[in-house]
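J.: got a predicted structure plus its sequence, pasted below:
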Amino acid sequence: MKKILLASTLAIASSASFAVAPGGPNCGWGNMMFQGQSGLGTHIVASITNGTSGNNTIGMTLGTNGCSTDGTLTYGGKKMVNVGAIMDEFSEDVARGDGEALTAVAVSMGVSAEDRALFKATLHNNFDTLFPSAEVNAEQVVGSIFELMRQDARLAKYAA
């Protein structure tokens, strides 16, 4: 029973932690109740308060609880590209210059629709740089992708 309770608490805390950013950094009763405090525990409890009561959703809808939908949502974390899970399909798509895996990587890297053809062509034209041997790993491939993107004026903005 303790394991189920712990797992449920962690699931709620992790899912609720994503509910803090939409609506602004001051959005929700959890932020109001723990204003000025810091630390992992405080952030978790504030996130749980915001997520389980739905007050930040109401706040965004009504413009209350310190919430606003005026700003642009941002993501400050590392870009998530999991080339390793689709390495075989991805390498085949790069060799062809198109395909679902190649498109998925472009989308996950934030490449806009109007720049995807250039992205695909750049990777296709540099297949040997991306895959110099059969032993290349996903980290090396992604590093090479970012390097190729930095060398192109239009793609460089995605490699920042």
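T.: Yep, it's here.

J.: alpha carbons only for contacts and neighbour counts from here, please
T.: OK.

J.: could you pull out the helices for the chain?
T.: For the chain, helices defined by DSSP state H occupy the ranges 2-17, 29-33, 40-53, 55-62, 87-96, 100-108, 116-125, 127-130, 138-150.

J.: of all the ones you listed, which one is nearest G71?
T.: helix 55-62 (11.5 Å; CA to CA).

J.: any idea of the angle that closest one forms with helix 40-53?
T.: 60 degrees (axes from the mean of the first three to the mean of the last three CA atoms, to 10 degrees).

J.: quick check: buried residues in helix 55-62?
T.: If you call a residue buried by 16 or more other CA atoms under 10 Å, then helix 55-62 has these buried ones: N55, N56, T57, G59, M60.

J.: now render those residues as a markdown table, adding distance to S68.
T.: Listed next are the buried residues of helix 55-62 as a markdown table, based on distance: CA to CA, whole Å:
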| residue | distance to S68 |
| --- | --- |
| N55 | 13 |
| N56 | 10 |
| T57 | 10 |
| G59 | 8 |
| M60 | 5 |
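
J.: Q37: which of those is nearest?
T.: Nearest to Q37, judged by CA to CA, of those is N56 at 18.9 Å.

J.: contact partners for the closest residue to the closest one other than its chain neighbours?
T.: Closest residue to N56 apart from its sequence neighbours, by CA to CA, 6 or more residues apart in numbering: G28 at 4.5 Å. Contact partners of G28, counting by CA atoms under 8 Å, 6 or more residues apart in numbering, are V20, N50, N55, N56, G59, N65, G66, C67.
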